[in-house]
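>>> Make a model of this:
(2 chains)
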2 protein chains.
Amino acid sequence: MADRIFRINMTELTTSIEEVPADWMGHGGRGLTSTIVAAEVEPTCHPLGAKNKLVIAPGLLSGTVAANSGRISCGAKSPLTGTIKEANAGGTAAQMLARLGCKAIIIEGQPREDRWYSILIDEEDVTISEETDLVGKGNFAVVEEAGRRFGDRHGIITIGPAGEMKMLAANISIKDPDGKLRSCGRGGLGAVLGAKRVKFIAIAPTDAKVEIADPEKFREANRVFTKALVDNPISQALGTYGTNVLVNIINEAGALPTRNFSAGQFDGHEKISGETMHDIIVERDGRPKHNCHPGCVIQCSQIYNDKDRKYKTSGFEYESIWAMGADCCVDNLDLIAEADHLMDDIGIDTIETSVAMGVAMEAGVLEFGDGEGICRILREEIAAGTPLGRIIGCGAGSVGRAFGVTRVPVVKNQAIPAYDPRAVKGIGITYATSTQGADHTMGYTIATNILGVGGNIDPLGKEGQVELSRNLQIATAAIDSTGMCLFIAFAALDDATCLPALVDMINARYGISLTADDVTSLGKTILKTERAFNQAAGFTSRDDRLPEFFREEPLPPHNVVWDMTDEEIDAFWDFS
Amino acid sequence: MADRIFRINMTELTTSIEEVPADWMGHGGRGLTSTIVAAEVEPTCHPLGAKNKLVIAPGLLSGTVAANSGRISCGAKSPLTGTIKEANAGGTAAQMLARLGCKAIIIEGQPREDRWYSILIDEEDVTISEETDLVGKGNFAVVEEAGRRFGDRHGIITIGPAGEMKMLAANISIKDPDGKLRSCGRGGLGAVLGAKRVKFIAIAPTDAKVEIADPEKFREANRVFTKALVDNPISQALGTYGTNVLVNIINEAGALPTRNFSAGQFDGHEKISGETMHDIIVERDGRPKHNCHPGCVIQCSQIYNDKDRKYKTSGFEYESIWAMGADCCVDNLDLIAEADHLMDDIGIDTIETSVAMGVAMEAGVLEFGDGEGICRILREEIAAGTPLGRIIGCGAGSVGRAFGVTRVPVVKNQAIPAYDPRAVKGIGITYATSTQGADHTMGYTIATNILGVGGNIDPLGKEGQVELSRNLQIATAAIDSTGMCLFIAFAALDDATCLPALVDMINARYGISLTADDVTSLGKTILKTERAFNQAAGFTSRDDRLPEFFREEPLPPHNVVWDMTDEEIDAFWDFS
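Numbering: from 1, shown residues only, chains lettered A, B, ... in the order given. Below you'll find the predicted structure:
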């Protein structure tokens, strides 16, 4: 069965299943969402209007047995940043869509009437139904009720109240193998789905498999690839402590943004560290190791139980813990877990929302350290859509504007995540130049700046930072197209067998013969496509800048400022 | 006494009185504020940070007896639009500053401590004092208390609670000859003064006069100029009905934006018209004719009393009445007057705030037509700085983002005022291309599109609109530099003696010999200076666009859309 495009028109409430245009064939995941958004969306359109489109795409390897290939990409013009945007997550949807022969879902238009809808995708058809019961409900209730309606094996893509209310930090949640949630977190894509008035998409299971042109070659390549992943020491650390292994590492590096980015170390770091988290999880019969999608061999996720040994949250990431923890000065992991759970249910980006809380703390809305206050605001303000909830639910920039705060850590209106760019210059280049606003996953220089993966580049120096960010942003754009988890990058940078095996799998899947250079070209093409969209939307190099206070305020303990010049930053784009 | 620059550094809490640099000598009013902001403010700085500067400048003719020369300009980088910004108003400050030999006040830096200050300017010195009593107080209380402290003859420049809270629609208020208020309304300059932590500036009266190089020539020119003004039929209509004479005219033209810009005519137009207002004013012993600054011969202001014949508001402008009236569907002039009074006291732009109310009505925050609701929100939310108050007090764009509304009438985040660009294409060109966001006063094509002044250009056609807006924007930039009220433009366009007399007055004041062409050149230079600032701040032609819905939704009764192409709009800047 050839892959097809599932097009859903929410103005006409019609669906169609279309052949894949030839020049979209070589794309998947982010490469495909960005290609389609660039081709079909007016760059200057209102992101919450009828002209924006939400594109959902599995990766090039999704649906196969390739290790770690279960990421799903959502893309659109972002209502938070105004740029093109892709956010990806694990869960079961990517593999299920791929097995249904879905190359991408394109959701376009906007209902004329004030009604909500759900979408069912199965082997027969794509069906739009009016939805009433689940409107206003949290994501966990959606997954539960959809399970009752359709059975537990259905995949679910859903928005919570934040997306329904079109809050600019709303995410899109994906059901994971345990019926919990993974988030396409950044850029407010949940608000785009909300603007289409789609509450959730259910995906029926199938016995179909994706076609593999050369099964033998595929199997062998996957064996090599999987070995590279499981042998990698960072993969192993991620499997033990999760991404939260980074709290102590980044604190030690003096780059852990603390108290709304006013210091690089947090006194309470031990209390929220991956090591502490691991002990709590084990003590409470949680699972320190857990996969967010079938076939993951790294298993950086975990299940964190509360004091009564009941499930509280999973996919409890470093960036979320940092944001609610160090940035808001909350040193209580249970409160952070509670907030994480609430944000999963409300369907709102943990990074954007927590950084927004930090700015609100600076504004005096609540005290630094007030973890209970964060949970109260999430429950009573954001979930309820009060004015304060909307201010915070629209992100850090929104809080800054509403309360007249000048220390607002955003680039292109998107919150800067868990690594202070003053103390890790490479990641600052990524924040500044990313086509999607501040986002560490777009070119994770922490690997080389801090973790010594793929070489060593002094995080405090200027030397090599632009090249590092450029190489990683190009590689990331390509990886994000495969459906692979970004964490394969550690093995890819350290083990010479890894990347060729990945390329071999793509070639075996499609019966083609890409080289490593072709993959690099793909990454470059994606970045250029995205940048061209942004330029047509009105973005210039003046938008590729960090906020003023990073240049003005030295960050303890290194007492460093952001000192990359405009010329140095702009040199990022000097590639062909 | 040669004019000087009064520089006030709020970081160091120091003041200095400086010579005027040679290339600032030929500038006044907007020309001077824009020249200084462009010279001294980093275009990419945070508008509410220490690097922005607030410049206050009388016009070239301020302080003389020239008719209508009492406008004062405030300029800065706008926190609302991110562009360079100038807003001017009447009142007594311009003439008083000019007589004290003040070419401009530059307020820079930002206090390190959380304290408020007031500034006293007299013949001896500029003095900064800590202010505690008046912090949090409304503008009327500031004027009253300052009167007690300094005497009633002092000029006052002040911010209300909105400016203190750095709301993006906060204005700067100027005491008028009756101890009431005039507003430098647009662009949130009150938030800039608030960010400097200056509550008010008091200006001591002086017996000094400005020097006139050729008194005889000046007197004669002023006689001709004044005659042109008083003989002009539009001046006369303005004197009788105020600017609110426009409600019926613009309604008749089908260009009165109604119900958040969804129609061009308002059923309740008669109830809020200038004619009705005139009758109410006369019946209640108000003053239909009143001057906002000494020496005005047009007297478009008025004093509007409540039912008990007590003062309610003055300077009750068409644009304010339209915004609270037609745009919010409120047809009760007393409620509109109450809201106008509240906004004067809170110190917030009536256009921005009322258009924001219209967007909030579309979002369901309150019902269209709910004038009591508007007053309640002003009193209980905006004045109190609640989250809802901050959302609305930060303008129409803020409300749109917080509530996910796509029909948001803004350009460069500033609310579109009282003339629908679909039905008056010329003003749409002004909104789109103005260096300062949507602002009718930047190039008031209504004169020619609707009022038949300076020719006739069909408001619904495309022909001639770009040229019209261009010529008027150039002329306006020059007029805004003289300290003259913009309403001299009607006489200037219709009476051949008017403009030469104005130029003669400038020449006689300074002993120079400008020609009419020099004045045009001045206007062009100002526009180019402003645009260069904006470009350096990151603005491009993509920002010179009206919101999407103006292209999509036909406006009744003409059922016209905004159809000027990007190329047509961009041709605005084709001049040298």
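>>> Which residue would be the closest one in the stretch 201-350 of chain A to chain B?
Distance from chain B to each residue of the stretch 201-350 of chain A (CB to the nearest CB) is smallest for A:Ile348, at 13.7 Å. Where you see a C-beta, it was placed from the backbone N, CA and C, and this is true even at glycine.
>>> Which positions are bridged to that residue in the beta structure?
Applying DSSP bridges to A:Ile348 gives these bridge partners: A:Ala170.
>>> Roughly how far does it sit from A:Ile201?
19 Å (CB to CB, to the nearest Å).
>>> cool, and A:Gly400?
According to CB to CB, A:Gly400 and A:Ile201 sit 34 Å apart.
>>> which of those two has more neighbours?
Ranked by neighbour count (other CB atoms under 10 Å in any protein chain shown), A:Gly400 and A:Ile201 place A:Ile201 first, with 28 against 25.
>>> my read: that one touches A:Thr158, true?
Yes - at 7.5 Å, A:Ile201 and A:Thr158 qualify as touching, with contact defined as CB atoms under 8 Å.
>>> ok so, going back, what about the residue of the stretch 201-350 of chain A closest to chain B, how many neighbours?
For A:Ile348, the count of nearby residues is 37 (other CB under 10 Å).
>>> Now do the contacts for it.
Contact analysis of A:Ile348 by CB atoms under 8 Å, 6 or more residues apart in numbering or on different chains lists A:Gly160, A:Ala162, A:Met167, A:Ala169, A:Ala170, A:Asn171, A:Gly190, A:Ile382, A:Gly393.
>>> Quote the end-to-end distance of stretch A:248-262.
Its start and end residues considered, stretch A:248-262 measures 18 Å (CA to CA, to the nearest Å).
>>> and that stretch, how far from the chain's centre?
21 Å (CA atoms, centre = their mean, to the nearest Å).
>>> Quick check: buried residues in it?
A:248-251, A:253-262 (16 or more other CB atoms under 10 Å in any protein chain shown).
>>> Same question for stretch A:211-225.
A:Ile212, A:Asp214, A:Lys217, A:Phe218, A:Ala221, A:Asn222, A:Val224, A:Phe225.
>>> Do you know the pLDDT at the closest residue to A:Ile429 other than its chain neighbours?
In space, and not counting its chain neighbours, A:Ile429 is closest to A:Ser469: 3.9 Å by CB to CB, 6 or more residues apart in numbering or on different chains. At A:Ser469, the model reports a pLDDT of 98.
>>> quick revisit: ok, of the contacts of A:Ile348, which one's closest to A:Asn291?
A:Asn171 (20.3 Å; CB to CB).
>>> list the contacts for that closest one?
Per CB under 8 Å, 6+ apart, neighbours of A:Asn171: A:87, A:159, A:162-163, A:183-186, A:188-190, A:347-349.
>>> Let's see that with 10 Å instead.
A:74, A:87, A:89, A:139, A:159-160, A:162-163, A:181-191, A:193, A:343-344, A:346-353 (CB atoms under 10 Å, 6 or more residues apart in numbering or on different chains).
>>> Can you list the residue ranges for helices in the stretch 51-200 of chain A?
In the stretch 51-200 of chain A, the helices defined using DSSP state H, counting those that start in this stretch lie at A:93-99, A:139-150, A:161-164, A:189-195.
>>> Alongside chain B, which residues does the stretch 301-450 of chain A contribute?
Residues of the stretch 301-450 of chain A lying close to chain B (CB under 10 Å from any CB of the partner chain) are A:363, A:365, A:381, A:385-395, A:397-408, A:413.
>>> And the residue nearest to A:Ile429, which helix or strand is it part of?
Using DSSP states H and E, the element containing A:Ser469 is helix A:465-482.
>>> Next secondary structure element downstream of whichever strand or helix holds A:Met343?
Assigned by DSSP H and E, A:Met343 falls within helix A:333-346. Elements were assigned by DSSP H and E; along the chain past helix A:333-346, the next helix or strand is helix A:350-362.
>>> Give the next helix or strand downstream of that next one.
For helix A:350-362, the following helix or strand on the C-terminal side (DSSP H and E) is helix A:371-376.
>>> What is the helix or strand that that next one is followed by packed up against?
Sequence order places helix A:387-393 as the next helix or strand after helix A:371-376, per DSSP H and E. Applying 3 or more CB pairs under 10 Å, 6 or more residues apart in numbering or on different chains; DSSP states H and E, we find helix A:387-393 packed against helix A:161-164, helix A:350-362, helix A:396-403, helix B:387-393, helix B:396-403.
>>> just checking, what packs against the third one?
This means helix A:396-403. Using 3+ CB pairs under 10 Å, 6+ apart, helix A:396-403 sits against helix A:350-362, helix A:387-393, strand A:410-411, strand A:414-415, helix B:387-393, helix B:396-403.
>>> Can you tell me the closest non-neighbouring residue to the residue in the stretch 151-300 of chain A that chain B sits nearest to?
Nearest to chain B in the stretch 151-300 of chain A, going by CB to the nearest CB, is A:Lys166, at a distance of 2.8 Å. Distances taken as CB to CB, 6+ apart put B:Gly404 closest to A:Lys166, at 2.8 Å, once the chain neighbours are dropped.
>>> same deal with A:Glu552?
In space, and not counting its chain neighbours, A:Glu552 is closest to A:Val561: 7.0 Å by CB to CB, 6+ apart.
>>> re earlier: between A:Ile201 and A:Thr158, what contacts are shared?
A:Ser118, A:Ala146, A:Ile172, A:Ile174, A:Leu193.
>>> dump the residue contacts of the closest residue to A:Val359 other than its chain neighbours.
Distances taken as CB to CB, 6+ apart put A:Val399 closest to A:Val359, at 4.3 Å, once the chain neighbours are dropped. Contacts for A:Val399 were tallied using CB under 10 Å, 6+ apart; they are A:353, A:355-363, A:365, A:388, A:391-393, A:405, A:408, A:410, A:415, B:390.
>>> Could you measure from A:Lys462 over to A:Ala253?
In terms of CB to CB, A:Lys462 sits 17 Å off from A:Ala253.
>>> again with A:Gly63
39 Å.
>>> Can you give the distance of stretch A:281-289 from its chain's centre?
On CA atoms, centre = their mean, the centre of stretch A:281-289 falls 25 Å from the chain's centre.
>>> To clarify, my last question referred to stretch A:344-363.
That offset, for stretch A:344-363, works out to 15 Å (CA atoms, centre = their mean).
>>> Also stretch A:353-368?
Using CA atoms, centre = their mean, the distance from the centre of stretch A:353-368 to the centre of the chain it belongs to is 23 Å.
>>> do stretch A:537-551 as well
Distance of stretch A:537-551 from its chain centroid, counting by CA atoms, centre = their mean, is 22 Å.
>>> now the end-to-end length of that stretch.
For stretch A:537-551, the end-to-end distance is 27 Å (CA to CA).
>>> If you count neighbours, what's buried in that stretch?
A:537-539, A:541-550.
>>> Close to chain B as well: tell me which of those qualify.
A:Ala537, A:Gly538, A:Phe539, A:Ser541, A:Arg542, A:Asp543, A:Asp544, A:Arg545, A:Pro547, A:Glu548, A:Phe549.
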